[in-house]
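Undergrad: pasting the sequence and the predicted model now:
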Amino acid sequence: MSAPPPLPPNTHPQRRQRNENPPRNQKRRRLERAPKPVKEGGTEEVLQADISSLISTLGLSPPETPFSEQGLPPKFTEIELTIKMLSSTGDGLAEHSGRIYVVPFSIPEDIVIAKVIRHTPTHSVTDFLSVKSPSQDRDDSLISCKYFNTCSGCQFQMLPYAKQLEHKRNVIQKAYDNFSNLDPKLLPSIGDTVGSPLQYGYRTKLTPHFDGPRRGGFKAGDPIPDIGFMVKGQRQVLDIEDCPIGTEILRKGIKTARNYVQENLHTYKRGATILLRESTTRRLREESEEGNTKWVEEKECITDNNAQTTEYIGDYKFVNPAGAFFQNNNSILPAFTDYVRSKLHYPVVTTSPDGAKTTVSTPPKYLVDAYCGSGLFTILCGKDLTSVIGVDIAADSIAYASSNAAANNIKNARFIAGNAEKIFESIDFPGTETSVIIDPPRKGCDKLFLNQLLEFKPKRVVYVSCNVHTQARDLGYILNEGGSGYRVDEIRGFDFFPQTHHVEGVAVLTWVSEGIISLPDDVNDKPGDRL
Ligand SMILES: C[S@@+](CC[C@H](N)C(=O)[O-])C[C@H]1O[C@@H](n2cnc3c(N)ncnc32)[C@H](O)[C@@H]1O
């Protein structure tokens, strides 16, 4: 491939200035756009919950209805704001003349200059311009990306990592306060967030994209479009040549992919999303004349959705379709999967002949891995149990889960391609000796699934989620709709996504209300040894 042409001036990676005088037709389109319905656990709803709580903490009057912009700073005015709170969406929240302003890339106690972008009935949205006086927690020397403060990908590069973890614990706390509909007395205190071994260079998947021309395909001689991620708060692509949260091979892959698009632009009919996914090959290499060998890893950047990628977690090998779901931070997976595996054990109380009671952590006989993808938990957490079933709606993921199980010499696993909502119809494990792992997509679980789970009543539930708000909502449903016999033993986050506002939540539930179940016959005195 020849050297890429120099980037045209409009691809320079600086903050795009908003068009302060949008054309008339654009104004009309904005007015005509129907308001988006607020989704459960969606960004807007999460932000609204934080705004309401700040309004009440500061003792402000609730926003007036009907809403009027009269008296508010005109759009594109620059104002000084003192940040009071960090929202769960990763934005700073400030108060100005009794109204809440949302300021990206800011943290509590920062005094910032921000530009007013729009007023909504409940709050005002701004663009971050500069820090006038930094918070004690801000350390701009930590910022490792030249696109930070513009790109929508990361929010926290200026925040020391320990503070990021502390904030994510708070995000989980707020999720349960605002979305679970549960009496706080029913919930344990949120555990410390487990950090990622890698805080940069961890993401094994990146998907930069570019927009197409308004009409027709690209033609020879067309200017190269911006290729990258979205500008924060705008429907505009930011041209990106590097992404330091990506793994080393993906950072190289961005450059190669950009060159490819630039050289082949005329072949694209419209805009496109570019897949960049890391794949690992392990080879045995001779280390000495005596024939000593050692494993060495080679990394590759895969761009074809239909190609295969390989990842290792410890000695376990997972092959996936490049375009299918797989966890994006390999560095945290060994600790994370060990944790999930250990949490499948439930407490069993035994009574010795002299009447002394002892509680032993007991592995289940059976495991159901709902939403199993290509078998990550089925294989790593179920390998020593009597029998394991994984279910996923994606038939190709199930095919890969079966071949991954075979390749890792797992003989106790069965996989079903189907809807998790119907999963328990085909499972004959007794709930009393079964643990269930739930790892749904961001929208959480369907009520049909949760009702069936409640009927099945597994002894232990380990609920993993990349959206702690829908997870909190679902836990509320479980406990309020027939699962009051469940005790929530543990809730904590794992930081799969350093520098961003996202956090992976794990909640552990044990069925306790039917008294103490007896020790299963074939479980010995030290059941913890089985896993
Ligand atoms: C967050 S991923 C988890 C995958 C897997 N546990 C892992 O860690 O690799 C969610 C999975 O749920 C699957 N899924 C989505 N809706 C589903 C449904 N209604 N029933 C079963 N699986 C579903 C998706 O195909 C995806 O593989």
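TA: Yep, it's here.
Undergrad: please count neighbours and contacts with C-alpha atoms only from this point.
TA: Fine.
Undergrad: assess the claim that residue 486 and residue 507 are in contact.
TA: No. Checked against C-alpha atoms under 8 Å, the pair residue 486 and residue 507 is beyond contact range at 11.8 Å.
Undergrad: downstream of the top helix by length along the chain, the next helix or strand is which one?
TA: Identified as the longest helix of the chain according to DSSP state H is helix 161-179. Later in the chain than helix 161-179, the nearest helix or strand by DSSP states H and E is strand 205-206.
Undergrad: count the neighbours of residue 305 for me.
TA: For residue 305, the neighbour count with other C-alpha atoms under 10 Å is 15.
Undergrad: report pLDDT for the nearest residue to it once chain neighbours are set aside.
TA: Across the structure, with C-alpha to C-alpha, 6 or more residues apart in numbering as the measure, the residue nearest residue 305 apart from its sequence neighbours is residue 323 (4.3 Å). pLDDT for residue 323: 92.
Undergrad: residues near residue 323, how many?
TA: A count of neighbours around residue 323, defined by other C-alpha under 10 Å, yields 18.
Undergrad: for it, what are its contacts?
TA: Under the criterion of C-alpha atoms under 8 Å, 6 or more residues apart in numbering, the contact list for residue 323 reads 275, 304, 305, 306, 307.
Undergrad: repeat for residue 428
TA: Residue 428 makes contact with no residue under the criterion C-alpha under 8 Å, 6+ apart.
Undergrad: for residue 99, same thing?
TA: 60, 63, 123, 124.
Undergrad: so where do the helices sit in the chain?
TA: Assigned helices in the chain, in chain order: 24-32, 43-57, 161-179, 248-263, 333-343, 376-382, 395-407, 447-456, 468-480 (criterion: DSSP H).
Undergrad: for the longest one, packing partners?
TA: In terms of contacts (3 or more C-alpha pairs under 8 Å, 6 or more residues apart in numbering; DSSP states H and E), helix 161-179 is packed against helix 468-480, strand 486-494.
Undergrad: the ligand contacts on the stretch 301-450 of the chain?
TA: Residues of the stretch 301-450 of the chain that fall close to the ligand, judged by C-alpha under 6 Å from any ligand atom: 325-327, 371-374, 376, 392-394, 418-421, 439-441.
Undergrad: my guess is residue 412 contacts residue 381. True?
TA: No. Under the criterion of C-alpha under 8 Å, residue 412 lies out of contact with residue 381, with a separation of 11.6 Å.
Undergrad: looking at these two, which one has more neighbours?
TA: Neighbour tally, residue 412 and residue 381, criterion other C-alpha under 10 Å: the higher count belongs to residue 381, 23 against 18.
Undergrad: mind listing what the closest residue to the more buried one other than its chain neighbours touches?
TA: Nearest non-adjacent residue to residue 381, counting by C-alpha to C-alpha, 6+ apart: residue 341, 4.7 Å away. Taking C-alpha under 8 Å, 6+ apart as the definition of contact, the neighbours of residue 341 are 377, 380, 381, 382, 531.
Undergrad: can you say which of the contacts of residue 99 are buried?
TA: In the contacts of residue 99, burial by neighbour count holds for 63, 123, 124, counting by 16 or more other C-alpha atoms under 10 Å.
Undergrad: adding distance to residue 232 and pLDDT, write those residues out as TSV.
TA: Compiled in TSV, those are given as follows (distance: C-alpha to C-alpha, whole Å; pLDDT from 0 to 100):
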residue	distance to residue 232	pLDDT
63	25	88
123	17	97
124	15	97
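Undergrad: can you list which of these are found in strands?
TA: Residues of these located in strands (DSSP state E): residue 124.
Undergrad: which of the buried ones among the contacts of residue 99 lies closest to the ligand?
TA: For these, the closest approach to the ligand (C-alpha to the nearest ligand atom) belongs to residue 123, at 32.1 Å.
Undergrad: and the closest residue to that closest one other than its chain neighbours, how many neighbours?
TA: Nearest-residue entry for residue 123: residue 100, 5.1 Å, with adjacent residues in sequence omitted and distances by C-alpha to C-alpha, 6+ apart. Around residue 100 there are 23 other residues, counting by other C-alpha under 10 Å.
Undergrad: show me what contacts residue 100?
TA: Contacts here follow C-alpha under 8 Å, 6+ apart; on that basis residue 100 touches 51, 55, 93, 94, 122, 123, 124.
Undergrad: cool, residue 103 as well?
TA: Taking C-alpha under 8 Å, 6+ apart, we find residue 103 in contact with 91, 92, 93, 94, 114, 125, 126, 127, 128.
Undergrad: specify the beta-bridge partners of the residue nearest to the last one when sequence neighbours are not counted.
TA: Across the structure, with C-alpha to C-alpha, 6+ apart as the measure, the residue nearest residue 128 apart from its sequence neighbours is residue 114 (4.7 Å). The bridge-partner assignment for residue 114, based on DSSP bridges, gives residue 79, residue 128.
Undergrad: next one: residue 282
TA: The bridge-partner assignment for residue 282, based on DSSP bridges, gives residue 297.
Undergrad: could you check how far it is from the ligand?
TA: 21 Å (C-alpha to the nearest ligand atom, to the nearest Å).
Undergrad: rewinding a little: restricted to strands, list the residues of the stretch 301-450 of the chain next to the ligand.
TA: Within these, residues falling in strands by DSSP E are residue 392.
Undergrad: what's the domain layout of the protein?
TA: Split into domains by the TED database, the chain comes to 43-138, 169-198+329-511, 205-286+294-321.
Undergrad: which of the ones you listed is buried the deepest?
TA: For the domains of the chain, average neighbour numbers computed from mean count of other C-alpha atoms under 10 Å are highest in domain 169-198+329-511, which has a mean of 20.
Undergrad: can you get me the start-to-end distance on it?
TA: The separation between the terminal residues of domain 169-198+329-511, taken as C-alpha to C-alpha, to the nearest Å, is 25 Å.
Undergrad: do the same with stretch 97-108
TA: For stretch 97-108, the end-to-end distance is 18 Å (C-alpha to C-alpha).
Undergrad: check stretch 170-190 too.
TA: Between the opening and closing residues of stretch 170-190 lies a distance of 8 Å (C-alpha to C-alpha).
Undergrad: that one: how far from the chain's middle?
TA: Shown here is stretch 170-190, whose average C-alpha point lies 19 Å from the average C-alpha point of the whole chain (C-alpha atoms, centre = their mean, to the nearest Å).
Undergrad: identify the residues contacting that stretch?
TA: So stretch 170-190 is contacted by 41, 49, 87-88, 169, 468-470, 472-477, 479-480, 487-493, 505 (C-alpha under 8 Å, 6+ apart).
Undergrad: how about the contacts of residue 323 in a markdown table, adding pLDDT?
TA: Formatted as a markdown table, the contacts of residue 323 follow (pLDDT from 0 to 100):
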| residue | pLDDT |
| --- | --- |
| 275 | 97 |
| 304 | 95 |
| 305 | 92 |
| 306 | 91 |
| 307 | 96 |
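Undergrad: mind giving me CSV with those and columns for distance to residue 428?
TA: Converted to CSV, those look like this (distance: C-alpha to C-alpha, whole Å):
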residue, distance to residue 428
275, 40
304, 40
305, 36
306, 35
307, 36
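Undergrad: so what's the residue of the stretch 201-350 of the chain found nearest the ligand up against?
TA: With distances taken as C-alpha to the nearest ligand atom, the stretch 201-350 of the chain approaches the ligand most closely at residue 326, which sits 4.7 Å away. Shown here is residue 326, whose contacts under the criterion C-alpha under 8 Å, 6+ apart are 320, 373, 374.
Undergrad: over to residue 436?
TA: When the contact criterion is C-alpha under 8 Å, 6+ apart, the partners of residue 436 are 344, 367, 368, 369, 370, 458, 460, 461, 462.
Undergrad: wait, which of those is closest to residue 164?
TA: Each of these was checked against residue 164 using C-alpha to C-alpha; the closest is residue 462, at 24.4 Å.
Undergrad: how near is that closest one to the ligand?
TA: Distance, residue 462 to the ligand, by C-alpha to the nearest ligand atom: 12 Å.
Undergrad: that residue: what's it in contact with?
TA: Taking C-alpha under 8 Å, 6+ apart as the contact definition, residue 462 lies against 340, 343, 344, 435, 436, 437, 438, 506, 507, 508, 509.
Undergrad: mind putting the residues you listed in CSV, pLDDT included?
TA: Conversion of those to CSV gives the following (pLDDT from 0 to 100):
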residue, pLDDT
340, 98
343, 97
344, 97
435, 97
436, 98
437, 98
438, 98
506, 98
507, 98
508, 98
509, 97
